[in-house]
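Student: this is a predicted model, with the sequence first.
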Amino acid sequence: MIEVPEVERVRVLLERLGEDELIQRLDSFLALNEGLETKRGEDFIRVSILGFLEGLLVSLGVRYPGNEEIKALKEEISRKRAELDELFRKPAMQNLR
């Protein structure tokens with residue numbers, strides 16, 4: 001399994017908030033991605049996992065408005081996902097600039 005440190009941080013937050021159903025969804029998502037790094041590449045799987053974590057945090061932000069920990073973690077994960085996502089964007093064609 002690919003190491004994504006943010007997974008554990010989100011899991012701890014979910015445990016603290018008592019969001020057991022979301023922990024189960026997170027575990028299921030991670031299980032679905034297990035072993036795909038050889039087919040899709042590690043960075044692709046990281047982007048996928050970070051995107052899933054970002055979605056969880058968006059949902060948590062709606063449930064717990066004003067929670068600064070959720071907001072800060074979401075911003076950090078969004079930034080990291082966007083940076084990795086750039087690796088998969090096709091470069092602009094020179095003649096279209």
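Tutor: Great, that's in hand. Everything numeric in this text was worked out from a predicted model, so none of it was measured. Numbering: from 1, shown residues only.
Student: list the contacts of stretch 46-58.
Tutor: Outside stretch 46-58, the residues within contact range by CB atoms under 8 Å, 6 or more residues apart in numbering are 2, 4, 6-7, 10, 14, 22, 25-26, 29-30, 33, 70, 73-74, 77-78, 80-81, 84-85, 87-88. Where C-beta positions appear, they are placed from N, C-alpha and C, glycine not excepted.
Student: in helices only, show me those residues.
Tutor: 6-7, 10, 14, 22, 25-26, 29-30, 33, 70, 73-74, 77-78, 80-81, 84-85 (DSSP state H).
Student: that older thread, and the contacts of stretch 46-58, which are buried?
Tutor: Among the contacts of stretch 46-58, those buried by neighbour count (16 or more other CB atoms under 10 Å) are 2, 4, 6-7, 10, 14, 22, 25-26, 29-30, 33, 70, 73-74, 77-78, 80-81, 84.
Student: how about the longest helix anywhere in the chain: buried residues?
Tutor: Longest helix of the chain, by residue count under DSSP H: helix 42-63. Neighbour-count burial for helix 42-63, with 16+ other CB under 10 Å as criterion, is recorded at 44-50, 52-54, 56-57, 60.
Student: what does the average pLDDT come to for it?
Tutor: Model confidence over helix 42-63, given as mean pLDDT, is 93.
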